[in-house]
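Chemist: Got a predicted model here, sequence first, then my questions.
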Amino acid sequence: MLNISNVSISKNIDKSKYSVFGILESRSTSTYLIKTLAFLGVLNFAALFLPWTQNLRSNGYVTTLNPDDKPQSIQSILDGKIEDWNVMEGDTVNIGDTILRISEIKEAYLDPNLLKQTKGQIEANDQSALAYDEKAANLYAQYEALVKNKAAKGSQNLLKIDQTKIKLQTLELEVQAAEIKLQNSTKQLERIQALYDQGIKSLTDLEVKRFANGEALAKLNALKNKMTSTKQELEILELTNETILNEFDDKIAKSKSERMTAISAKYNTKAKVDKLQSQYNQYQTRTDNYYIKSPIKGVITKTFFNGIGQTIKAGDKLASIVPLTYQLAVETYIKPRDMPLIQKGQKVMIQFDGWPSIVFSGWPGNSYGTFNGNIYAIDNDISENGMYRVLVSQNPDEIQWPTALRVGGGSNGLILLNEVPLYYEIWRVLNGFPADFYNKKPVKESKTKAPIKKIK
């Protein structure tokens, strides 16, 4: 019965007499399992023709698009000593709010009257520059007066020279007339002398002619002397003209030299004023930097120095601040072999840490708890981890990202590629072929900026 031996007795058993054989034969011939298996086989075969969206998986974290939206540290540009803190960790500050105050520790700036004294030096040198400017103006007026006096004196002397020349010409004519008169008088005297010798003329007539001849001679000598004196006067005037011009040229040159000296002193003083003003501005800026102020509107998250009286160095981190408003983005990394498959503006599905989600990578439309984004930028240079960095921004036309997201949170991304049948995707994966390049429709870059998030 159990077929233990090689001799079978099953053919000698009447199975109709035993109900158990009927039950066994009924179970072995049931079609339920066969139908179930057949249905599942048909269903699986049909599922091979379902559409499957190819994708690239990548891990990243939440960041910001703008560099000034990232968390940053507040630093001091001076060496100093902490005097007091005006904020606590967790406080919200506006632009320009004072975070802390420091005091000076360098000897060169410890004088409390440094600004006042420097300002006094600036004012004193300003007055000195004004004095030099006024002196230069006075010297210029003196220069102009000398130029005018030179012209006047020269004209006056030339006029005298012309008058003396005319006078000399007149004297020359008078001398010629006197010489003619003397010649005539001499001839008349000779004739009267001859007539007197002959007894024709009297002694009186002779003496009259002699007197007239003496007068003519005296007048001629007087005119000659006067002409000689006039010539000497003319020579003196001509020499005086050169002397006057030379004297005025010397005075004018001296005035110009003194004026240039005053102008040079004024500019030197101005340069000193500018240098002092620069020092004053440096001192003023240094004084203003004793108050460390917030560069942005944000929240103080951490302070790196505690208490009062601690000394700090320039460049030390004093506190960290997180902006209140920022533009969120996701920073993710792509393998070099997948770089040809992505482009700017391409759609990305993102799963954020802390937000439950159900992801169907091949059927993104059926996923739950994911958020959409677009590729905003792709690095041209490979990162230190051997992959390329990709920035993903929000899609303004889709569901907005959670407002409670924080910079630095983790994320998982699916970069959607081509849509293919499921059997093709299985065949591609089994053979190790790369995904198809999505080139059916050109992807338009989103020109809309990602919405600004605000910390609540």
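Modeler: Thanks, I have it. Owing to the predicted nature of the structure, the values given are computational and were not obtained by experimental measurement.
Chemist: how near is P295 to V93?
Modeler: Distance of P295 to V93, computed by Cβ to Cβ, to the nearest Å: 10 Å. All C-beta atoms are positioned from the backbone trio N, CA, C, and that covers glycine.
Chemist: How about K167?
Modeler: 99 Å.
Chemist: Please apply the same query to A262.
Modeler: The value you get for A262 to V93, if Cβ to Cβ is used, is 55 Å.
Chemist: Next up, identify which helix or strand the closest residue to D205 other than its chain neighbours is on.
Modeler: Nearest residue to D205, sequence neighbours excluded (Cβ to Cβ, 6 or more residues apart in numbering): I192, at 5.7 Å. Here I192, judged by DSSP states H and E, is contained in helix 114-197.
Chemist: gap between the helix or strand following that helix and the chain center?
Modeler: Using DSSP H and E, the helix or strand that follows helix 114-197 in sequence is helix 203-288. Centroid displacement of helix 203-288 relative to its chain, using Cα atoms, centre = their mean, to the nearest Å, is 58 Å.
Chemist: tilt between helix 203-288 and helix 114-197?
Modeler: Here helix 203-288 runs at an angle of 170 degrees relative to helix 114-197 (axes from the mean of the first three to the mean of the last three Cα atoms, to 10 degrees).
Chemist: per-domain residue ranges of the protein.
Modeler: Domain assignment of the chain by automatic domain parsing yields the ranges 51-69+322-454, 72-95+290-321, 114-287.
Chemist: out of those, which comes closest to A108?
Modeler: Comparison of the domains of the chain against A108 by Cβ to Cβ identifies domain 114-287 as nearest, at 8.8 Å.
Chemist: Now the terminal residues of the closest one, how far apart.
Modeler: 11 Å (Cα to Cα, to the nearest Å).
Chemist: ok now it, how far from the chain's centre?
Modeler: 63 Å.
Chemist: Enumerate the beta-bridge partners assigned to A377.
Modeler: On the basis of DSSP bridges, A377 is bridged to L391.
Chemist: follow-up on the earlier one: which stretch among the domains of the chain comes nearest L37?
Modeler: For L37, the closest of the domains of the chain is domain 51-69+322-454, at 20.3 Å, according to Cβ to Cβ.
Chemist: Stretch 263-271: which residues count as buried?
Modeler: Within stretch 263-271, the residues scored as buried using 16 or more other Cβ atoms under 10 Å are I263, A265, K266, T269, K270.
Chemist: Actually, stretch 396-414.
Modeler: By 16+ other Cβ under 10 Å, the buried positions in stretch 396-414 come out as W401, L405, V407, G409, S411, N412, G413, L414.
Chemist: got it, and stretch 73-91?
Modeler: Neighbour-count burial for stretch 73-91, counted by 16+ other Cβ under 10 Å, picks out I74, Q75, S76, L78, G80, I82, W85, V87.
Chemist: Closest to V147 out of these?
Modeler: Within the buried residues of stretch 73-91, the smallest distance to V147 is 58.0 Å, found for L78 (Cβ to Cβ).
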